[in-house]
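Undergrad: I need the structure of the sequence given here:
(2 chains)
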2 protein chains.
Amino acid sequence: MMHRRLEIWGIEGFPILTGPCDLPREIVAALGRARLPLDHGDVLVVTHKIVSKAEGRVVELGEIEPSPQARELAARTEKDARLVEVILGETEEILRAERGHLIVEQRAGYICANAGVDRSNSGGLGRVALLPEDPDRSAREIRERIREDLGKELAVLISDTHGRPWRNGAIGLCIGLAGMEPLLDLRGNSDLFGYKMTSSIECVADELAAAATLVMGQCDEGIPLALIKGLAFAPKTGSARQILRAKEKDLFR
Amino acid sequence: MMHRRLEIWGIEGFPILTGPCDLPREIVAALGRARLPLDHGDVLVVTHKIVSKAEGRVVELGEIEPSPQARELAARTEKDARLVEVILGETEEILRAERGHLIVEQRAGYICANAGVDRSNSGGLGRVALLPEDPDRSAREIRERIREDLGKELAVLISDTHGRPWRNGAIGLCIGLAGMEPLLDLRGNSDLFGYKMTSSIECVADELAAAATLVMGQCDEGIPLALIKGLAFAPKTGSARQILRAKEKDLFR
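TA: A predicted model of the protein is given here:
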């Protein structure tokens, strides 16, 4: 009996980035050192933190002068006013600011806590990392360099871990993508009994990012790359923006 | 270099259930036929649909007489009034009923569309499947039977695919669990640079369910079981109810 099988490898040995760098080159080098077989159709998941650091999206809190609005919001949410100033600079719209939480629509359209601005693994105690400017572009650049240097057509995902309504615990999600469609549209397919499925769209990209997070870990393990083998998908341009629900179609803003 | 590695197997050849049955026995038999090596610490993910069918949680819509409230809600959400009657029977609280959507807190505490009542793969065009009565109990029963019959200590997860706010596409999530903690609490751990992570709880159970959904598929492929190998976790009792955020702590009800 042939079973469908995925393999997910956490790629060890990626260097700790201390400043901006040519991330696609570092990733190609890490894939080479990893000595894993690389195949067309593999999916490479890259945690956004190394993308942000490589792209210089790191801010020293000590250099930030908080505005009156940031001070007011900081008091209301019990956060560092300088951090809130940075968050506001990344914010399109505030959804909730209460009980220690600041949930916003980040400039690229992601709804998440603190606009994705994050203290952990940012390279020092007074530093925070912002989300990449354009995570789809970052994914495309990595994908193209792998194709040029290693001759393989991969899909590349940029991941972040987000909390969510109703459920405890954050999970890995996809915020940038190149080389595949993020959504698998099953509408019009039949189930086992001939029922036409009318509302079945699966977010494969988020499931891949969640799966990759299982091998990456979040703290001092520091595994920023995961390679997923065995997924069948059609190569497409794709964009993580397809995952974002339009504001007017959302019932929970 | 040793890389961390997960393997996820979709287990083929599970029979199509036509009525209530001893599901743990069917699962043990399917694991035997699958000829995969089974190890302590493997995670078995079971789609809730076979649990519901095995436990007789299937309703014939033809036998349902909708109440006036169901008829009113059905008109408002453009749904079958008999289906809405079934949904209301499974509902603790209605969160949204508009624009074709009925988002509720299901009796077991899950917030999802239609209280998890589902037409696809329910065994016939006029039939719908409800969520299992107590998915943790279902997971425990499967886990215990595997331990008794096959001598292995697994974690068992019951999965469902849910839509979510802000993001298009449903993903696999955990609604029942036995044998592990669903949440990995990283608070107090240090990141690479010594920063103490204060809000890092990862929902490993949801990430596992999402990963498993990648090999299960949702329509006529019909792969209701996935085996995940290579995750390191401490055996614990655990409950998927730990994933449910308390109502008073939720900002998006």
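
Undergrad: how about the longest strand anywhere in chain A as CSV, C-alpha atoms only?
TA: Secondary structure of chain A per DSSP state E: the longest strand is strand A:167-178. Output in CSV follows, covering the C-alpha atoms of strand A:167-178 (Å, rounded to 0.1, in the frame of the first residue of the first chain):
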residue,chain,number,x,y,z
ARG,A,167,-8.1,29.8,20.9
ASN,A,168,-5.1,29.9,23.2
GLY,A,169,-1.6,29.6,21.9
ALA,A,170,0.0,31.1,18.8
ILE,A,171,0.5,29.0,15.6
GLY,A,172,2.7,29.5,12.6
LEU,A,173,1.0,31.2,9.7
CYS,A,174,2.1,32.3,6.2
ILE,A,175,2.8,36.0,5.7
GLY,A,176,4.7,35.9,2.4
LEU,A,177,4.8,33.4,-0.4
ALA,A,178,6.2,32.6,-3.9
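
Undergrad: Any stretches of the stretch 1-150 of chain A with poor pLDDT?
TA: For the stretch 1-150 of chain A, residues meeting the criterion pLDDT under 70 lie at A:1-2, A:121-125.

Undergrad: can you rerun that using 80?
TA: Counting by pLDDT under 80, the stretch 1-150 of chain A has low-confidence residues at A:1-3, A:120-125.

Undergrad: would A:Glu207 count as being in a helix?
TA: Yes: judged by DSSP: H, G, I helix; E, B strand; the rest coil, A:Glu207 forms part of a helix.

Undergrad: Let me know the helix or strand that A:Val46 is in.
TA: strand A:43-47 (DSSP states H and E).

Undergrad: And for A:Cys112?
TA: Assigned by DSSP H and E, A:Cys112 falls in strand A:111-113.

Undergrad: right, is that strand up against chain B?
TA: Yes: using Cβ under 8 Å from any Cβ of the partner chain, strand A:111-113 reaches chain B at A:Ile111, A:Ala113. Any C-beta I mention is one placed from the backbone N, CA and C, and that applies to glycine too.

Undergrad: end-to-end on stretch A:214-223?
TA: This stretch, stretch A:214-223, spans 10 Å end to end (Cα to Cα, to the nearest Å).

Undergrad: same question for that stretch, mean pLDDT?
TA: For stretch A:214-223, mean pLDDT rounds to 73.

Undergrad: end to end, how far does stretch A:108-127 reach?
TA: First-to-last residue span, stretch A:108-127, Cα to Cα: 21 Å.

Undergrad: Name the residues of it that are buried.
TA: A:108-123, A:127 (16 or more other Cβ atoms under 10 Å in any protein chain shown).

Undergrad: Those in helices, which ones?
TA: Within the buried residues of stretch A:108-127, no residue falls in helices by DSSP state H.

Undergrad: Just these: which are in strands?
TA: Per DSSP E, the buried residues of stretch A:108-127 map to strands at A:Ile111, A:Cys112, A:Ala113, A:Arg127.

Undergrad: which residues sit in contact with A:Leu88?
TA: A:Leu88 is in contact with A:Ser67, A:Gln69, A:Ala70, A:Leu73, counting by Cβ atoms under 8 Å, 6 or more residues apart in numbering or on different chains.

Undergrad: Distance check, it against A:Ile94.
TA: As judged by Cβ to Cβ, to the nearest Å, A:Leu88 and A:Ile94 stand 8 Å apart.

Undergrad: list residues touching both of these two?
TA: Residues touching both A:Leu88 and A:Ile94 (Cβ under 8 Å, 6+ apart): A:Leu73.

Undergrad: what about the strands in the stretch 101-250 of chain A?
TA: A:101-106, A:111-113, A:127-129, A:155-164, A:167-178, A:183-185, A:201-203, A:225-229 (DSSP state E, counting those that start in this stretch).

Undergrad: Just give me the closest of the ones in strands among the buried residues of stretch A:108-127 to A:Thr77.
TA: Nearest to A:Thr77 out of these is A:Ala113 (Cβ to Cβ; 10.2 Å).

Undergrad: which residues touch the closest one?
TA: By Cβ under 8 Å, 6+ apart, the neighbours of A:Ala113 are A:His101, A:Leu102, A:Ile103, A:His162, A:Gly163, B:Ser199.

Undergrad: can I assume A:Thr18 sits in a helix?
TA: No: under the criterion used here (three-state DSSP), A:Thr18 is coil, not part of a helix.

Undergrad: before we move on, back to that, adjacent strands (with direction) for the strand holding A:Val46?
TA: When pairing is defined by DSSP bridges, strand A:43-47 lines up against strand A:155-164 (parallel), strand A:225-229 (antiparallel).

Undergrad: Now do the buried residues in the shortest one.
TA: Pointing back at strand A:225-229 there. Applying 16+ other Cβ under 10 Å to strand A:225-229 flags A:Leu225, A:Ala226, A:Leu227, A:Ile228, A:Lys229 as buried.

Undergrad: Then stretch A:96-106?
TA: Buried residues in stretch A:96-106 (16+ other Cβ under 10 Å): A:Ala97, A:His101, A:Leu102, A:Ile103, A:Val104, A:Glu105, A:Gln106.

Undergrad: Do that stretch and chain B come into contact?
TA: Yes: Stretch A:96-106 lies within reach of chain B by Cβ under 8 Å from any Cβ, at A:Arg96, A:Glu98, A:Arg99, A:His101, A:Ile103.

Undergrad: Pull the residues that contact that stretch.
TA: With Cβ under 8 Å, 6+ apart as the criterion, stretch A:96-106 contacts A:73, A:76-79, A:84, A:87, A:90-95, A:111-116, A:131, B:249, B:251-252.

Undergrad: so A:Gly10 bridges to which residues?
TA: Under DSSP bridges, the beta-bridge partners of A:Gly10 are A:Ala226, B:Arg4.
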